[in-house]
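Undergrad: would you be able to build a 3D model of this:
(one chain, ligands or ions: 1)
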Amino acid sequence: MNVIETNNLTKSYGKSRGIVDISFSVKEGEIFGFIGPNGSGKSTTIRILLSLIYPTSGSANIFGKDVVAYGSEIKKEIGYLPSEVFYYANMKVIELLKYSASFYKKDCSKRINYLAEIMHLDLNKKIDDLSFGNKKKVGIVQGLLHEPKLIILDEPTSGLDPLMQQKFFDLLKEENKKGATILFSSHILSEVQKLCDRVAIIKEGKIIKLENISALKENNYKRFRIETLSKIDKNHFNIMGVNKLEIKENRVKFIFKGNINIIIKKISFIEISNIWIDEPDLEEIFMHHYSKEA
Ligand SMILES: Nc1ncnc2c1ncn2[C@@H]1O[C@H](COP(=O)(O)OP(=O)(O)OP(=O)(O)O)[C@@H](O)[C@H]1O
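TA: The predicted model follows:
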């Protein structure tokens, strides 16, 4: 079953582009990454899913229900962490969280304590006295306190130190194991790589690639770094499938996608002193998509 489904979702802000023909689906139990640089349209898509804004054309369904028609009903099953959180500064953390919990028809107190303990959040502090990172933690607890079936996170890790990021990711994995579906938007590829099953790459309002993380990483992309005994001819590796080719004297590096034997044969013509072959990280593959399709 698809938990999220969008069909040609389009939003224009007057004359300026928001998103154009965004179509993707997220299956139940999936952790889906939404990746793109600032201004590419991630928040716009998410705001439509949460019916905070309406699409100009196209449609989006969550749990099989249209987000425009059933927005308020759907929202009860969603945990949302916005990219920026704003609170009434005068409230204590616990007061705010209890207020948030009052929107749901269940007792969330145990859950609030559990989440606060994991995230090292002091419930008795005033919101005003919290650092940016601690305010973010309040947002995390607020988004997860009602054990939502769908968790939507918009650039959730900014402000969290690496240890807290790890705890947060562990928490998300735990929620996912219990059945929650997750939509995770980010411009930090290493986080998406750690957490997500599948990813949509969004650029200038359009999805340019939908891929399994494993396929994106292993899709025959290999990073080669070679050192040779003599200077390398600048055209030696200028062949199909070679990208980001850099040659300096007796060193060459590139990313290759294709039949690996072609490269091995090419290498056999030169005398090498060292070679490293590994998998490029998502960042490199992603940047390659961007530069190629720009
Ligand atoms: N309220 C608005 N009025 C006018 N244009 C907007 C508005 N909100 C977003 N846009 C434009 O829509 C496009 C997509 O922006 P959006 O905020 O969805 O991107 P994003 O990928 O979430 O980026 P960021 O990571 O910076 O939030 C951008 O060109 C942006 O300038």
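
Undergrad: contacts, neighbours, all on C-alpha from now
TA: Noted.

Undergrad: in contact with the closest residue to residue 44 other than its chain neighbours, which residues?
TA: Distance criterion C-alpha to C-alpha, 6 or more residues apart in numbering; nearest residue to residue 44, sequence neighbours excluded, is residue 18 at 6.6 Å. Contacts for residue 18 (C-alpha atoms under 8 Å, 6 or more residues apart in numbering) come out as 10, 11, 12, 40, 41, 44, 205.

Undergrad: quick check: buried residues in whichever strand or helix holds residue 18?
TA: Applying DSSP states H and E as the criterion places residue 18 in strand 16-27. Neighbour counts using 16 or more other C-alpha atoms under 10 Å place 18, 19, 20, 21, 22, 23, 24, 25, 26 of strand 16-27 among the buried residues.

Undergrad: out of the residues you listed, which are close to the ligand?
TA: Filtering the buried residues of strand 16-27 for proximity to the ligand by C-alpha under 6 Å from any ligand atom leaves residue 18.

Undergrad: ranges for the helices of the stretch 1-150 of the chain?
TA: For the stretch 1-150 of the chain, the helices defined by DSSP state H, counting those that start in this stretch occupy 42-49, 71-75, 93-101, 109-118, 132-144.

Undergrad: those: which one's closest to the ligand?
TA: Among the helices of the stretch 1-150 of the chain, the nearest to the ligand by C-alpha to the nearest ligand atom is helix 42-49 (3.5 Å).

Undergrad: could you say what helices and strands the closest one packs with?
TA: strand 16-27, strand 57-62, strand 150-154 (3 or more C-alpha pairs under 8 Å, 6 or more residues apart in numbering; DSSP states H and E).

Undergrad: list the buried residues for it?
TA: 42, 43, 44, 45, 46, 48, 49.

Undergrad: now, which of those residues sits nearest residue 148?
TA: Nearest to residue 148 among the buried residues of helix 42-49 is residue 49, at 14.9 Å by C-alpha to C-alpha.

Undergrad: where does the closest one land on pLDDT?
TA: With respect to pLDDT, residue 49 scores 97.

Undergrad: please list all residues in contact with it.
TA: Applying C-alpha under 8 Å, 6+ apart, the residues near residue 49 are 60, 61, 62, 67.

Undergrad: what's the farthest-apart pair in the buried residues of strand 16-27?
TA: Farthest pair in the buried residues of strand 16-27, by C-alpha to C-alpha: 18 and 26, 21.1 Å.

Undergrad: strands along the chain, start to end?
TA: Here the chain has its strands, by DSSP state E, at 2-13, 16-27, 31-35, 57-62, 65-66, 78-81, 150-154, 181-186, 198-203, 206-212, 221-228, 242-248, 251-257, 272-278.

Undergrad: for residue 135, which of the ones you listed is the nearest?
TA: Short answer: strand 78-81, nearest of these by C-alpha to C-alpha, at 11.4 Å.

Undergrad: quick check: mean pLDDT of the closest one?
TA: 94.

Undergrad: again with stretch 100-107
TA: For stretch 100-107, mean pLDDT rounds to 88.

Undergrad: how about the CA coordinates for that stretch, as CSV?
TA: The C-alpha atoms that make up stretch 100-107 are tabulated as CSV, following Å, rounded to 0.1, in the frame of the first residue of the first chain:
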residue,chain,number,x,y,z
SER,A,100,0.4,19.5,21.7
ALA,A,101,-0.7,16.1,23.1
SER,A,102,-4.2,17.5,23.9
PHE,A,103,-5.0,17.4,20.2
TYR,A,104,-4.8,13.6,20.2
LYS,A,105,-7.3,11.4,21.9
LYS,A,106,-4.8,9.4,23.9
ASP,A,107,-2.6,9.8,26.9
